[in-house]
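>>> I would like to see how this sequence folds:
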Amino acid sequence: MMFGTYRAQQDAFTAQSSARADQISAILPELVYPVVRPLYELFDFFELPPNLVGEELAKMRQNRF
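Coordinates of the predicted model:
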């Protein structure tokens, strides 16, 4: 859990990704990481390790939040 007051260092953020529909399930962490990592930097959370994205997505897929 992240507690505290976090403010973005800019007013807008845009990200885009693309993949074939039949690939999404297999490469979901690789699609999500490049979108989420800059948001962590923008709000000064912490440096986001790539494996954390994969672990959290696996929990979400198993309905374990």
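>>> Mind giving me the packing neighbours of the helix or strand harbouring residue 30?
Using DSSP states H and E, residue 30 falls within helix 24-42. Counting contacts by 3 or more C-beta pairs under 8 Å, 6 or more residues apart in numbering; DSSP states H and E, helix 24-42 packs against helix 50-61. Where you see a C-beta, it was placed from the backbone N, CA and C, and this is true even at glycine.
>>> Pull the contacting residues for the nearest residue to residue 39 once chain neighbours are set aside.
Among residues not flanking residue 39 along the chain, residue 13 sits closest, at 6.5 Å (C-beta to C-beta, 6 or more residues apart in numbering). Applying C-beta atoms under 8 Å, 6 or more residues apart in numbering, we find residue 13 in contact with 38, 39, 42.
>>> Tell me, how many residues neighbour residue 12?
6 (other C-beta atoms under 10 Å).
>>> Mind pulling up the pLDDT for it?
Confidence at residue 12, expressed as pLDDT, is 82.
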